[in-house]
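# Prediction below, plus the sequence it came from.
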Amino acid sequence: MDKYIGKRLDGRYEIHELLGVGGMAYVYRAYDKIESRWVAIKILKEELSNNSDFLRRFRNESKAIAVLSHPNIVKVYDVSFGDRIQYIVMEFIDGITLKQYIEQQGEIKWREALYFTVQILRALQHAHEKGIIHRDIKPQNIMLLEDGTIKVTDFGIARFSQAETQTMTDKAIGSVHYIAPEQARGGYINDKADIYSVGVMLYEMLTGQLPFVADNAVSVAIMQMQAEPTPPTRINPAIPKGLEEITMHAMEKNPAQRFPSAADMLEDVERFRRNPEIVFNYGNQMDHAYARGTDIYDDVRSTPQKYNDNYEYEEEYVRSKNGARASMIITGIVVAILAVGLVVGGIFLWNYFQNLSTEEVSDEIDLPNFVGKIYETEIKDNPEYADLEFEITMGNVPSKAAGEVLRQTPAAGMKVKKGKTISLTVNGELEKVVVEETKGDKQQDAYNKLKALGLNPEIQAVADDETAVGYVVKTNPAAGTEVTTGTKITIFVSSGPSKEKVKVPQVVGSTLATAKSDLEASGFVIGDIRYDDESDKDEGTVLSCDPKSGDEAPKGSAVNLVVSSGKGATKTVQYDIPLPSNVYEDLVMKIYVDGELFDTRTVNPSVSMYTGASFSGTGRASLTIRLNDQDYISAEINYDTQSIDVYSQLPYTTPEPAPTDPPEEPESSTDEPDDGQITTH
């Protein structure tokens, strides 16, 4: 079983499930007992804790995200860089990666691709304005929530903009399909490298395929530097011309020819969203010599190129069109020969080491979906899966059945070779125990008693007038409480009566963290913390303390706190309401909250795929959306989690035009006119 599952870090983060394993860290789903919320914890692998490079990357990630605050960037709540364990506590994202979504959908409708791209660009605009370059933008690092919200993650190799160069690291090789040409060659890097990566992702979403694919990473890197991608419209003719231009403009080989910033790209994307017929004609505004692979000096006119690709271009080469140009050509040939030699050598070494481990290619199979199945009865000895090996990691999700598969890697539907090891996270129940009564016990006896239950006892000295020195005053959680094994139990041990009394500081209205700091600075220890679900105060606000603020109490004694859980506080939920596709007319949208009309507006799906709405309240509320008086979306607003849970989304049906009745023909008359004449109709 995983060594961390069931443990509690720093007395507050109870680890439940392994979510994934990266090159330098494990990521777990955990529950924050103090803040009463699910979090994701990234723990640096022990074997890398003494590696200065990985330590730098790991700590740099926390520093990078700590200065960012944006709804499309994963939040960091806490960091710990201790001697034994180093971890980052982040927002828990319950969703899939954009890469998984692309693989599921194939090509994505261009309106939806733009919706995702806008959110990514907004996140990058915020990061770039803070001086942070992500450097590893790829769909594997983009999380997609059920409501369509995008979260940019993994700032592990991010750099502040002062750090402008890098080498071609193993990390870059792993992301080689998305890195910019200057990044592939180890050259000057600025925020335009992220823009190139966004262009590649947009290309992949629109076409369902990557612009450059080869047998190995070295070949792909060479293609990034030298080859031109197939225009997206040749793969998918339905892509509008303006959108193709935006995609290719972001993927220019020369950074100077890309969008100047994420904000500029975002501006053109918004212009296109408002008018899908727009054409930008970027190619008519700039010299494409670099992108075509021609001599960069063919038409420098008056100044040398500012682009730094690790070669030194001297000004005298530019000034001279005669004798010096010959020297430049010779230098170019030498450089080209060296470059080709390096590339050929790299490919040779790659193939050599690949061939060392090459075995006869086995048949591939489509990987079944194991999620939801019971491992012991449905998978373990099933002959249908005899060609696969399984690696089991235990998780703990109380709402799921014991033994149920929670996650699998690789994902269902992927082709794998026979004999492939599949990682499964299987639900298991952590053992529950009841905290034994230790009040009045000697410190060591109490410690041994709780340790024997599989708990994690911790001693806290506290001044107490009624309990002898070295004996237990109480525990937190209290005796009789049911907890899981591994839970931290604080044993309050009497240090005897305090001769000094001090005033309890004013902590009501403060955050829990501030209250703890102020109380400890005054010489008190933190006693019981109880959460109030009825309070309308923000989560973590201290509502009361015992003894009360201003009262005198023995120095070293415990102060108990009542804290708002935030469940009763008014919260705001943002919802981008998706609109039906292939509808080109104005629609009247009516939004009902708990049966009451909340808003009426006119929307046009051909102008925008989504329309935003904001709701404020507490607890939960029903949400009903109607289009032209047709039921469209039924959902629930969860103010506690600030999310929208959609129950159903019905297709919108364009009403058939009412049939036009033909003009009525006059009826034939059999009556004879009064004058005796016969009238023919």
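Right, received. Where do you want to start?

# tell me the domain boundaries of the chain?
According to automatic domain parsing, the chain comprises the domains 8-91, 98-301, 364-427, 431-493, 571-649.

# now do the same end-to-end measure for the third one.
If I follow you right, that is domain 364-427. End-to-end span of domain 364-427 (Cα to Cα, to the nearest Å): 28 Å.

# Now do residue 632 against residue 596, distance only.
Distance of residue 632 to residue 596, given as Cβ to Cβ, to the nearest Å: 17 Å. Bear in mind the C-beta positions are built from the backbone N, C-alpha and C, glycine included.

# between those two, who's got more neighbours?
More crowded of residue 632 and residue 596, by other Cβ atoms under 10 Å: residue 632, with 22 against 8.

# list the buried ones in whichever strand or helix holds the more buried one?
Assigning secondary structure by DSSP states H and E places residue 632 in strand 630-638. Buried residues in strand 630-638, counted by 16 or more other Cβ atoms under 10 Å: 632, 633, 635, 637.

# I figured the first one hits residue 653, correct?
No: look at residue 632 against residue 653 with Cβ atoms under 8 Å: they stay out of range, at 10.3 Å.

# Residue 460 is in contact with residue 525, correct?
Yes: taking Cβ under 8 Å as the definition, residue 525 is a contact partner of residue 460 at 5.8 Å.

# okay, and the common contacts of those two?
Common contact partners of residue 525 and residue 460 (Cβ atoms under 8 Å, 6 or more residues apart in numbering): residue 492.

# Which residues are in contact with residue 12?
Applying Cβ under 8 Å, 6+ apart to residue 12 gives the contacts 32, 33, 34, 35.

# how far away is it from residue 200?
Distance of residue 12 to residue 200, computed by Cβ to Cβ: 40 Å.

# Over to residue 145?
23 Å.

# can you check residue 278 too?
In terms of Cβ to Cβ, residue 278 sits 22 Å off from residue 200.

# Which one of these two is surrounded by more residues?
Using other Cβ under 10 Å as the criterion, residue 278 and residue 200 rank with residue 200 on top: 24 against 16.

# Can I take it that that one is in a strand?
No: counting by DSSP: H, G, I helix; E, B strand; the rest coil, one finds residue 200 to be helix, located in no strand.

# Local confidence estimate at it?
As predicted, residue 200 sits at a pLDDT of 96.

# List the residues that contact it.
Residue 200 sits next to 138, 177, 178, 210, 211, 251 when contact means Cβ under 8 Å, 6+ apart.

# With residue 555 instead?
Taking Cβ under 8 Å, 6+ apart as the contact definition, residue 555 lies against 463, 498, 500, 501, 502, 522, 523, 524.

# could you redo the last one with a cut-off of 7 Å?
Residues in contact with residue 555 (Cβ atoms under 7 Å, 6 or more residues apart in numbering) are 463, 498, 500, 501, 502, 523.

# how about stretch 204-224: buried residues?
For stretch 204-224, the neighbour count (16+ other Cβ under 10 Å) marks 204-207, 209, 211-212, 217-224 as buried.

# Tell me how far stretch 564-579 lies from the chain's centre.
Distance of stretch 564-579 from the chain centroid (Cα atoms, centre = their mean, to the nearest Å) equals 19 Å.

# Can you give the contact residues for it?
By Cβ under 7 Å, 6+ apart, the surrounding residues in contact with stretch 564-579 are 36, 147-148, 531-541, 543, 603, 605, 609-618, 625, 637, 639-640, 642-644.

# From start to finish, how long is it in a straight line?
Stretch 564-579 has an end-to-end distance of 38 Å (criterion: Cα to Cα).

# Same question for stretch 486-497.
One end of stretch 486-497 to the other measures 32 Å (Cα to Cα).

# Stretch 448-463 now?
In terms of Cα to Cα, the two terminal residues of stretch 448-463 are separated by 22 Å.

# Near residue 478, how many other residues are there?
Based on other Cβ under 10 Å, the number of other residues close to residue 478 is 12.

# Let me fix that, I meant to ask about residue 232.
When neighbours are counted by other Cβ under 10 Å, residue 232 registers 25.

# next one: residue 588
Residue 588: 12 neighbours (other Cβ under 10 Å).

# Dig out what the residue nearest to residue 407 when sequence neighbours are not counted forms beta bridges with.
Leaving aside its sequence neighbours, residue 407 sits nearest to residue 425 (Cβ to Cβ, 6 or more residues apart in numbering; 4.3 Å). Judged by DSSP bridges, the bridge partners of residue 425 are residue 393, residue 407.

# Residue 425 is in contact with residue 395, isn't it?
Yes: applying Cβ atoms under 7 Å, one finds residue 425 in contact with residue 395, separated by 4.5 Å.

# Pick out whichever of the two has more residues nearby.
Per other Cβ under 10 Å, whichever of residue 425 and residue 395 has more neighbours is residue 425, with 28 against 24.
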